[in-house]
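Colleague: Pasting the sequence and the predicted model now:
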Amino acid sequence: MNKVLVLGAGQLARMMELAGTPLNLDVKALDVLSNKIVQPISPEHVYGDLTSGIGNADVITAEFEHVAHDILSKCELSGKLYPTSEAIKIGGDRRLEKTLLNSCNASNAKHHFVNSKVDFDEAIKYLSLPIIFKTALDGYDGKGQWRLKSADDAAEVWREMNSFLTASTTNVKQAIVAEQMVPFDREVSLVGVRRVNGDVAVYPLTENHHTNGILSVSVAAPVDAALQEQATTVFKALSDKLNYVGVLAIEFFQVGNQLLVNEIAPRVHNSGHWTQQGADTCQFENHLRAICDLPLGSTALVRPTAMINIIGEDTVPNDVLAIPSATIHWYNKSKRTGRKMGHINVSGEDEQQLAERLQTLSNILCKKAFPDLRQFAANYKGKQT
């Protein structure tokens with residue numbers, strides 16, 4: 001039985017344990033708040049500290065990219081960490097991410113690094129309005145961002161960013177990345193996996209919809225072959241450059257027939273949760289297969305599937321379960337506004353049936369809790385007619 005240690009004990013580690021049990025894998029997780037090794041599904045069970053966890057593990061991986069660098073160093077020294085600490089750090093620092101993208105000739109938004117008022121002024125000259133400013137470290141789910149649409153607001157935006165930079169307590173020096181805002185047609189993502197021996201498999205491009213900066217819906221359906229090939233080329237370039245092992249997600253802006261990389265995530269990803277019901281092998285199992293050097297499972301789309309995030313709610317109507325193919329995945333979290341509490345996967349034999357079931361689901365769920373799901377479902381159904 002291979003023993004896997006996951007850095008982080010949230011819902012992604014939980015779903016890795018669920019996927020690993022049928023493979024006879026023993027999955028434990030590091031609770032980074034307590035420095036204790038726990039069972040992801042039953043975190044009340046403690047199995048020592050990080051040092052003992054590293055010693056007991058056959059392989060080590062991470063469920064999030066903002067892992068403390070001293071922890072990554074300890075894991076790297078063991079020779080058991082997949083992906084590498086470099087890859088994990090790149091996913092947590094937009095400066096490193098942009099440098100990687102440019103080194104691989106991966107198209108992305110025009111950008112400029114901001115550490116001072118001089119850099120800020122240069123960014124405004126170098127880029128054209130509107131500009132989005134993102135924290136180099138710690139930004140997620142729309143947090144740590146400022147938008148500059150008018151030069152009249154520049155002084156106020158800089159005041160807020162400068163206050164943020166001054167107050168930063170990160171171990172690595174914080175900064176801001178200024179990006180040219182992209183007038184994209186839609187947001188899509190590619191989840192792929194690379195094994196220790198270099199084998200690669202990718203899932204189909206997924207269309208993503210955000211609400212208040214947080215991913216709310218992902219839809220996996222048959223996609224344009226040219227776009228899929230374009231995304232796969234980027235995945236192979238990045239994963240080869242990093243000698244990557246495990247699941248890697250790439251978020252793109254689609255502008256016409258071109259894909260621009262928005263960001264990468266060196267881990268299993270929210271936009272890949274649909275794979276639990278829409279593929280023969282889900283992203284969690286394939287991540288474990290990759291890091292344990294097992295043959296990769298099929299990433300082909302079995303049936304069109306949508307994933308709907310449950311945000312800030314700890315219940316949904318039981319009628320959801322009456323919808324054919326609807327599956328609820330709860331994360332066993334305490335209720336909190338804006339927190340991802342679980343997700344719902346719903347599938348169809350074709351896109352028409354998926355659209356109908358998605359619309360049925362949107363009518364069942366509370367409109368206040370899922371504010372624009374009905375409009376999204378209506379728009380999606382309209383595309384199928």
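Modeller: Thanks, I have it.
Colleague: any weak-confidence spans in the stretch 201-350 of the chain?
Modeller: Low-confidence segments of the stretch 201-350 of the chain (pLDDT under 70): none present.
Colleague: ranges for the strands of it?
Modeller: Ranges of strands in the stretch 201-350 of the chain, per DSSP state E, counting those that start in this stretch, are 206-211, 214-220, 246-255, 258-265, 305-311, 327-330, 340-347.
Colleague: tell me what the second one is packed against?
Modeller: It refers to strand 214-220. Based on contacts counted as 3 or more CB pairs under 8 Å, 6 or more residues apart in numbering; DSSP states H and E, the elements that strand 214-220 packs against are strand 206-211, strand 305-311, helix 373-384. C-betas here are computed from N, CA, C, even on glycine.
Colleague: which of these sits most buried?
Modeller: The highest average neighbour count among the helices and strands packed on strand 214-220, using mean count of other CB atoms under 10 Å, belongs to strand 305-311 at a mean of 25.
Colleague: if we look at that strand, which residues are touching it?
Modeller: 211, 214-220, 270-271, 273-274, 277-278, 316, 328, 330, 338-348, 354, 358, 361, 365, 369-370, 373 (CB atoms under 8 Å, 6 or more residues apart in numbering).
Colleague: Report back the residue of the protein that's furthest from centre.
Modeller: The centre of the chain is farthest from one residue, Asp152, which by CA atoms, centre = their mean lies 34.6 Å away.
Colleague: Averaged pLDDT, stretch 23-32. What do you get?
Modeller: Averaged over stretch 23-32, pLDDT sits at 97.
Colleague: In that stretch, which residues are buried?
Modeller: Neighbour counts over stretch 23-32 (16 or more other CB atoms under 10 Å) mark Leu25, Asp26, Val27, Lys28, Ala29, Leu30, Asp31, Val32 as buried.
Colleague: Only alpha carbons, please: show that stretch as PDB.
Modeller: Extracted C-alpha coordinates of stretch 23-32, given in PDB (Å, rounded to 0.1, in the frame of the first residue of the first chain):
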ATOM      1  CA  LEU A  23      -6.500   2.100  -5.400                       C
ATOM      2  CA  ASN A  24      -5.400   0.800  -2.000                       C
ATOM      3  CA  LEU A  25      -3.600   4.100  -1.300                       C
ATOM      4  CA  ASP A  26      -3.300   5.400   2.300                       C
ATOM      5  CA  VAL A  27      -3.900   9.200   2.000                       C
ATOM      6  CA  LYS A  28      -3.100  11.400   5.000                       C
ATOM      7  CA  ALA A  29      -2.900  15.200   5.000                       C
ATOM      8  CA  LEU A  30      -0.900  18.000   6.800                       C
ATOM      9  CA  ASP A  31      -3.200  20.500   8.600                       C
ATOM     10  CA  VAL A  32      -1.000  23.500   8.000                       C
END
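Colleague: residues making contact with it?
Modeller: 1-9, 13, 16-17, 20-21, 36-40, 43, 47, 50, 53, 56-57, 63, 67-68, 71, 285, 288-289, 292, 294.
Colleague: ok, now stretch 352-361?
Modeller: With CB under 8 Å, 6+ apart, stretch 352-361 has contacts from 219, 221, 303-306, 308, 320, 323-326, 344, 346-348, 373-374, 377-378, 380-381, 383-384.
Colleague: Kindly recompute the last result at 7 Å.
Modeller: 304, 306, 308, 320, 323-326, 344, 346-348, 377-378, 380-381, 384 (CB atoms under 7 Å, 6 or more residues apart in numbering).
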